[in-house]
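*Asks:* I'd like to go over a predicted model; first the sequence, then the structure.
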Amino acid sequence: MSNRPKSKTTVDIYSQQYSIIGSESTSHIRAVASIVDDKMREINSKNPSLDINKLAVLTAVNVVHDYLKLKEDYEKLEKQLIEKD
């Protein structure tokens, strides 16, 4: 857990304002919000009839899927580096 002081950042995600409190920099929080907003808009463009709750859940599923794929790739690369030594 970080010892950095927490700050509040207001962001716009899918035309809604959210106040996010965290110890990360404002630029990091805004970058995260921008990625979420972009993903929601991408999914909505392919499924315009989704209500906001389903859109939010599908966005979360897509983002976690991307995260897990990146984590798997990272672990494979890490293993290759260890085996190389």
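*Replies:* Looks like it came in fine. Numbers count the residues shown, from 1 in each chain.
*Asks:* Only C-alpha atoms from now on, for both contacts and neighbour counts.
*Replies:* Fine.
*Asks:* Okay, now the unreliable bits of the chain?
*Replies:* 1-2 (pLDDT under 70).
*Asks:* Please enumerate the strands of it.
*Replies:* Along the chain, counting by DSSP state E, strands occupy 7-13, 16-22.
*Asks:* Tell me which residues are up against stretch 63-72.
*Replies:* Outside stretch 63-72, the residues within contact range by CA atoms under 8 Å, 6 or more residues apart in numbering are K39.
*Asks:* Next, count neighbours for K39.
*Replies:* Neighbour count for K39, taken as other CA atoms under 10 Å: 20.
*Asks:* wait, it sits on A60?
*Replies:* No: judged on CA atoms under 8 Å, K39 makes no contact with A60 at a distance of 9.1 Å.
*Asks:* how far away is L68 from K76?
*Replies:* 12 Å (CA to CA, to the nearest Å).
*Asks:* Distance to N44 and mean neighbour count for the strands of the chain - can I get that in JSON lines?
*Replies:* Formatted as JSON lines, the strands of the chain follow (distance: least, CA to CA, whole Å; neighbours: other CA atoms under 10 Å):
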{"stretch": "strand 7-13", "distance to N44": "13", "mean neighbour count": "16"}
{"stretch": "strand 16-22", "distance to N44": "15", "mean neighbour count": "12"}
